[in-house]
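**Q** Okay, here's the prediction I keep looking at, along with the sequence it came from:
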Amino acid sequence: MKRITLSVVVATALLSGCASTVIEQRAFKSYTVGRDLTAATGSVMFTDQNGYITKRRVWVGILNSPDGWKTMTEPSEDFYKKELIYSGLSGTTVELNYREFRQGYAAPAFYQSVKYDLAESKTVQFQNFTIDIIAADNRQIKYKIVRDR
C-alpha cells in the first residue's frame, strides 16, 4: 500500500506544476551617450528601460507541455520602457514618435508625436534627452545622444 501511495505522489508531482526557476533578470538600455547612431525611418532610435524583466521557467507538468516546462517573461511592478522612433523628414522638420510601456504593456496615454525644425537647431530636447541631429532624410536619421539625465 505504501508503494502505491508513494507512486501516486511521485506521478502527481511529475504531472502537475510545482517548480519555478529564474533564468535571467536584467535591466536594459539600448544606447550609449556620446556615440554616433543611425536609425531607419519607422525604427526605434533608442530604448530606455527602468525596472527588470525576469525570464522564468515554470514546471507545468508533462501533460501541459512537451518537456513539462513553460518559459514566462515577467516585468517588475516598477517596470517601464521608453522608445523614441524616427518617423521621417518633411522639408526641414524631423518627426519623432515616443511610446512608453508599463509592466510590459503599451500605455495609450504615453504615446506622443513631436516635430522639430532643424533649420532652427540641430540639437533637440525631449524629456531628459538631448540629441544632436547629424543628418536626416526620409530613409534614416544619424544622431548622437548628448545627455540622458
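**A** In hand now; what should we look at?
**Q** Run through the strands of the protein in chain order.
**A** Using DSSP state E, the strands of the chain run over residues 20-26, 36-40, 44-50, 53-59, 69-75, 80-90, 93-102, 105-117, 123-126, 129-136, 140-147.
**Q** Name the residue closest to the centre of the protein, please.
**A** By CA atoms, centre = their mean, the chain has its centre lying nearest to Lys81, at 5.5 Å.
**Q** Pairing partners for it in the sheet, please.
**A** Gln49, Phe101 (DSSP bridges).
**Q** show me what contacts it?
**A** Contacts for Lys81 were tallied using CB atoms under 8 Å, 6 or more residues apart in numbering; they are Phe28, Thr47, Asp48, Gln49, Asn50, Glu100, Phe101. Yep, even glycine has a C-beta here, placed from its N, CA and C like the rest.
**Q** Check what pLDDT the third one gets.
**A** Meaning Asp48. We note a pLDDT of 85 for Asp48 in this prediction.
**Q** ok, now how distant is it from Ser87?
**A** 18 Å (CB to CB, to the nearest Å).
**Q** what's the answer for the fifth one, then?
**A** In this structure, Asn50 lies at 24 Å from Ser87, with CB to CB as the measure.
**Q** More neighbours: which of the two?
**A** Per other CB atoms under 10 Å, whichever of Asn50 and Ser87 has more neighbours is Ser87, with 17 against 13.
**Q** Count residues in the vicinity of Lys29, would you?
**A** Using other CB under 10 Å, Lys29 has 12 neighbouring residues.
**Q** same deal with the one 5 residues further on?
**A** Per other CB under 10 Å, the neighbour tally for Gly34 reads 10.
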